[in-house]
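Peer 1: structure for this input, please:
(one chain, ligands or ions: 1)
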Amino acid sequence: MSSYRAPLSDMGFVMNELAGLAQVATLPGYEDATPDTVAVILEEASRFATDVLDPLNVPGDREGAKRLADGSVKTPEGFKAAYEKFIAGGWNGVNKPAAYGGQHLPQLVAAAIEEMWHAANMAFDLCPLLTQGAIDAIELCGSDEQKARFLPPMVAGTWTGTMNLTEPQAGSDLAAVKMRAVPQGDGTYKLYGQKIFITYGEHDFTENIIHLVLARTPNAPDGVKGISLFLVPKYLVSADGSLGERNDVQCVSLEHKLGIHASPTAVMAYGDHGGAVGYLVGDENRGLESMFIMMNQARFSVGMEGVGLSERAYQRAVAYARERVQGRPAGIERQAKSATIIEHPDIRRMLMTMRAYTEAMRALGYVTAAAIDNARHAREAADRAQHQAFVDLMIPIVKGWCTETAQEVTYLGVQVHGGMGFIEETGAAQYYRDARIVTIYEGTTGIQANDLVGRKTVRDAGATAQRVAAQIDRVAAHLASHGDPALNAIGVRLAAATAALQTAIDWVLATYAANSRTALAGSVPYLKLWGIVCGGWQMARAAKVAVDKLAQGEGDPTFMRAKIATARYYAESLLPQADGYAQAVVGGSASTLALTAEQF
Ligand SMILES: Cc1cc2nc3c(=O)[nH]c(=O)nc-3n(C[C@H](O)[C@H](O)[C@H](O)COP(=O)(O)OP(=O)(O)OC[C@H]3O[C@@H](n4cnc5c(N)ncnc54)[C@H](O)[C@@H]3O)c2cc1C
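Peer 2: The predicted structure is shown next:
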């Protein structure tokens, strides 16, 4: 089986040429993130991904995480040692503040690094991923005392973090959360109730686990306005940071899942033996706002899981297509009787589709990451606000589109293998199974699409959506009138796709106020339309850079030619879907709702 190799050339190209690493490195605090330094860091990360994480991916899937009789959880052989190496290498805190021991690198750099972890071993990386979100929530909403006590070990990774939202009756709808938090009169609370599906809720990597838990205080208002956020450590922590008694929180079982077997997904019981001690994070009844801070980071990261898994599936498929000998490829009859399947036109179609989607998703993810850096650190408030508006629009697209597209890419990865794709030993099936969760957790695609329509398009009367669509249109118009035939072909198709997007934006804005139900019936095609057009936008920008570099004799000409060909394939074979999605939004939403519930 081939091993994972981080696509450093494409990562570097996207970071430097599309996401603007040099500009990000001018932001206050990021001066050390020069392209040369970042290239060294990425090389180092790629070695860790290839040498340490990738070899554990298949055995971890086969062995799975196990709950032992005493309630402890054993991760698969080698995972704990890999985690120890991971934190010893400082990888846990790459983009976290130096004040808590982090390396304070830009989100842009962290995005490229985390793509490697997701690709090499997604089940492993879920633990750091959830810890990152918990760190962000404590940093932004916690008290100074909480930050001082909990953040240094969490940033170092000697303690991990979890996110406890889901209960049996409260999944997408967090208004239904029932867990109780009772004030004890000394500033602490006792928590009672059950949380389900908690990723790395229990494990053997570290001595302590810091659970962030949504619960209701007595007499809290109903719905989301009565939810508060609590910090509940597995072991209580004294003022000097030393560990005290075991808290009343237990893993009562682990779920049996379709994929990510090495990642323990726990049912957690709070307060079965007198109450789990918890500390309020932020203000009472404003827990959902704090949790959203965590979720935005986590949603972005789950989008990047889609990118990482797609890259891994693509690499695996290419390796197999180069090895497998089968049939006589059309048009190459004079060659030997049979050839490797990479010579078949339909295998080329599948590999090009996988490659083009993956490069487009990567570009969109990194460009969004650079906008996150600017939204946090740009010098002018107006700049920060404009970048934040872009990020807010992009988060549901990166999460929703990159994860939905990963389904198609990992599906094609299996298809390229033929029957061997269905057999576990090639590894292609694992990527397909592991990918299936990414459209579900951190908010399903339906929830992302509702967010894109309601909060991100309609709330500001389409201002941000129109601004971004106009920006894409300017790129399209520039390329459509370009003398280079490839850029011209890309520009013409991008212009058509952007026109389709603009039609759909106008329809959503016009329809939502009068009939939000009809507008939401088209929300997932609307999200996919945004995704496919934004991917086309980034590929068009990439093609333009590559054409210019070739003309100036800069960079690796083989890479640049491949980039232009891949961008052109995206524009000619994938981007035309935009029109179909726009038609589904505008013309199909009413018939989506045509049957009564009884008629199904
Ligand atoms: C492996 C795994 C790990 C997880 N890790 C965590 C974790 O660490 N912490 C945590 O708190 N949770 C975690 N979850 C839970 C996960 O976030 C939820 O499963 C997810 O949010 C969906 O909730 P649900 O399963 O209750 O589905 P439901 O909410 O019941 O949704 C069922 C269907 O209805 C649709 N739907 C529901 N409401 C709407 C709506 N308003 N509009 C349109 N469609 C709607 C959904 O899109 C979906 O298709 C995990 C789940 C799994 C499987």
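Peer 1: pick out the residue of the stretch 251-400 of the chain closest to the ligand.
Peer 2: For the stretch 251-400 of the chain, the residue closest to the ligand is residue 265, as judged by CB to the nearest ligand atom, at 4.4 Å. All C-beta atoms are positioned from the backbone trio N, CA, C, and that covers glycine.
Peer 1: thought that residue was touching residue 198?
Peer 2: Yes - in this structure, residue 265 is within contact of residue 198 by CB atoms under 8 Å, at 7.0 Å.
Peer 1: so the two - more neighbours on which side?
Peer 2: Applying other CB atoms under 10 Å to residue 265 and residue 198 shows that residue 198 carries more neighbours, namely 24 against 21.
Peer 1: residue 232 reaches residue 248, doesn't it?
Peer 2: No - counting by CB under 8 Å, residue 232 does not reach residue 248; the two are 9.1 Å apart.
Peer 1: now for the two: what residues contact both?
Peer 2: Shared contacts of residue 232 and residue 248, defined by CB atoms under 8 Å, 6 or more residues apart in numbering, comprise 270, 276-277.
Peer 1: for PyMOL, write the selection for the buried entries among the residues you listed.
Peer 2: Selecting only the buried entries of the shared contacts of residue 232 and residue 248 in PyMOL, with 16 or more other CB atoms under 10 Å as the criterion:
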select buried, resi 270+276+277
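Peer 1: the shared contacts of residue 232 and residue 248 in strands, which ones?
Peer 2: Mapping those onto strands (DSSP state E) picks out 270, 276-277.
Peer 1: wait, what's in contact with residue 32?
Peer 2: Residue 32 makes contact with residue 25, according to CB under 8 Å, 6+ apart.
Peer 1: against residue 254, how distant is the closest residue to the ligand within the stretch 51-200 of the chain?
Peer 2: Here the stretch 51-200 of the chain gets closest to the ligand at one residue, residue 171, 1.6 Å apart by CB to the nearest ligand atom. Distance, residue 171 to residue 254, using CB to CB, to the nearest Å: 18 Å.
Peer 1: that older thread, need the pLDDT of the residue of the stretch 51-200 of the chain closest to the ligand.
Peer 2: At residue 171, the model reports a pLDDT of 95.
Peer 1: what's around it, how many residues?
Peer 2: If you count neighbours by other CB under 10 Å, residue 171 ends up with 17.
Peer 1: same thing with the one 5 residues further on?
Peer 2: Other residues near residue 176 come to 14 when the count uses other CB under 10 Å.
Peer 1: contacting residues for it?
Peer 2: Going by CB under 8 Å, 6+ apart, residue 176 touches 167, 169-170.
Peer 1: of those, just the buried ones, ChimeraX syntax please.
Peer 2: Buried residues among the contacts of residue 176 (16+ other CB under 10 Å), as a ChimeraX selection:
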select :167,170
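Peer 1: could you export the contacts of residue 176 as JSON lines, including distance to residue 146 and secondary structure?
Peer 2: Shown next, in JSON lines, are those (distance: CB to CB, whole Å; DSSP: H, G, I helix; E, B strand; the rest coil):
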{"residue": "167", "distance to residue 146": "24", "secondary structure": "strand"}
{"residue": "169", "distance to residue 146": "29", "secondary structure": "coil"}
{"residue": "170", "distance to residue 146": "25", "secondary structure": "strand"}
